[in-house]
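>>> Below is the sequence, then the predicted model.
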Amino acid sequence: MTTYLVTGACGFIGSNFVHFVLEREPGAVVVALDNLSFAANEPNLDAVRERIRFVVGDICDFEGMTAVYRRFRPDFVVNFAAESHNDRAVADPSAFARTNALGAQCLLEVSRREPVRRHLHVSTIEVYGELAAGVPYFTEASPLNAKTPYSAAKAAGDQLVRAYMQTYREMDIAMTHCANNYGRFQFPEKLIPLMITNVLRGRKVPVYGDGLQQRDWLHVDDHCRAIRAILDAPRFPVDDAAATQPERLPIWDISARNELTNLEIVRRVLELLGRSPAEWIEHVPDRPNHDRRYLIEPAKLETVLGWRPEVDFATGLEATVRWYVDHRDWWEAILARTGELAFDWARGPAGR
């Protein structure tokens, strides 16, 4: 029987991965851990609550995490735990540095002292920064060049993961960078669910600046399939050449090559909701230091592990919009708890 420790299990991608594992491996033991911070949503796990071991815990708490490891003896650790919203990171960067950097190191150290079969750290495309003109995409060989408080905190965590990979070679560590995810359970402060929930409440859709920022979109189910492929893969050894060639590290970039502008995403969602973009879009002041474009290339994952995205973007987006329409109680409960989630950068650096 395989035991998975999934951190950040009440978040968007973490909760989807918990469901994914239990659907495909019914006999697995899943330890779902979350510190229940702002963007955590415990009801994401309601449908599987009787099949998981739910733990309230903080990955920055070394003693607490050590106790979790000793109690459950996980085979695989998958670390989704992160503060992950660029807007909130601009307003309050300290919480992001704590979880995304210090938390990543703390969890790695527990895995070093309480050995596991594989430790997988889930990172983001944004650690690479902004694509320069004429550069088609980032790869695992690209330097880290984060420029926002959120992505810088994630990049700091990445550097610690890379250091552990190269220093403690007896450990089996993997890391991923994913494109922007979409799908069910996404917290309604993010672009797609924010648009949908605004429209369903009769509000216009705020578009930052000209809306021509370009993003790369990956369905959360395809992301979960990629993580599964990485967990199942043979060990990816670390050699001395990785010191100057990071692509030789067990790092995997995950993308479905769906690159669209934010404005195009907004228009597609409005069309699926039967609304006129001309009447429902409202351009608002842009977020400070907003990345203009980033895209990653998944060729390594495709070539080495044979992974391919399975969800057609148009189909996935339509299903996502339908899920939010059909699950109004889910997101209304979040809004009742959090209050207004949109940021107004016309009000100054705090966006509030």
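Yep, it's here.

>>> drop to CA atoms for contacts and neighbour counts, all remaining ones
OK.

>>> where along the stretch 151-300 of the chain do the strands fall?
173-178, 180-182, 205-208, 214-219, 251-254, 259-261, 281-284 (DSSP state E, counting those that start in this stretch).

>>> out of these, which comes closest to residue 291?
Among these, strand 214-219 comes nearest to residue 291, with 8.7 Å by Cα to Cα.

>>> which outside residues touch stretch 228-244?
Applying Cα atoms under 8 Å, 6 or more residues apart in numbering, the contact partners of stretch 228-244 are 76, 118, 120, 165-166, 169, 172, 174, 248-250, 305, 307.

>>> can you tell me which of these lies nearest to residue 63?
residue 76 (19.1 Å).

>>> Look up which residues are beta-bridged to that closest one.
Residue 76 has the following beta-bridge partners by DSSP bridges: residue 4, residue 118.

>>> now it: how far from residue 222?
Separation of residue 76 from residue 222 (Cα to Cα, to the nearest Å): 19 Å.

>>> For the closest residue to residue 57 other than its chain neighbours, give me the pLDDT.
Counting by Cα to Cα, 6 or more residues apart in numbering, residue 57 lies nearest to residue 35, which is 4.8 Å off, once chain neighbours are set aside. Looking at residue 35, its pLDDT is 97.

>>> contacting residues for residue 35?
Taking Cα under 8 Å, 6+ apart as the test, what residue 35 contacts is 8, 56, 57, 58, 59.

>>> mind listing which of those are in strands?
Mapping the contacts of residue 35 onto strands (DSSP state E) picks out residue 56.

>>> which of the contacts of residue 35 count as buried?
Applying 16 or more other Cα atoms under 10 Å to these, the neighbour count classes 8, 57, 58, 59 as buried.

>>> Make TSV from those and add pLDDT and distance to residue 153 to it.
What follows is those, written out as TSV (pLDDT from 0 to 100; distance: Cα to Cα, whole Å):
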residue	pLDDT	distance to residue 153
8	98	16
57	98	20
58	97	17
59	98	15
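
>>> Show me which of these is closest to residue 84.
Taking Cα to Cα as the measure, residue 8 is the one of the buried ones among the contacts of residue 35 closest to residue 84, at 11.0 Å.

>>> ok, for the closest one, nearest residue in space, not its chain neighbours?
Per Cα to Cα, 6+ apart, closest to residue 8 is residue 81, 3.8 Å.

>>> Quick check: that neighbour touching residue 7?
Yes: in this structure, residue 81 is within contact of residue 7 by Cα atoms under 8 Å, at 5.2 Å.

>>> Which residues are in contact with each of these two?
14, 34, 59.

>>> nearest to residue 282, of those residues?
Of all the shared contacts of residue 81 and residue 7, residue 282 sits closest to residue 14, with 31.9 Å by Cα to Cα.

>>> For that closest one, give me its contacts.
So residue 14 contacts 6, 7, 8, 80, 81 (Cα under 8 Å, 6+ apart).

>>> Return the distance of it relative to residue 227.
11 Å.

>>> rewinding a little: tell me, how many residues neighbour the residue nearest to residue 8?
By other Cα atoms under 10 Å, the residues close to residue 81 number 27.

>>> Once you drop chain neighbours, what's closest to residue 200?
Closest residue to residue 200 apart from its sequence neighbours, by Cα to Cα, 6+ apart: residue 325 at 7.7 Å.

>>> What strand or helix carries the one you found?
Element membership for residue 325 (DSSP states H and E) is helix 313-326.

>>> what's that helix packed up against?
Judged by 3 or more Cα pairs under 8 Å, 6 or more residues apart in numbering; DSSP states H and E, helix 313-326 is in contact with helix 191-200, strand 214-219, helix 262-272.

>>> Please verify my assumption that residue 148 contacts residue 156.
No: the pair residue 148 / residue 156 is not scored as a contact, 11.9 Å apart, by Cα under 8 Å.
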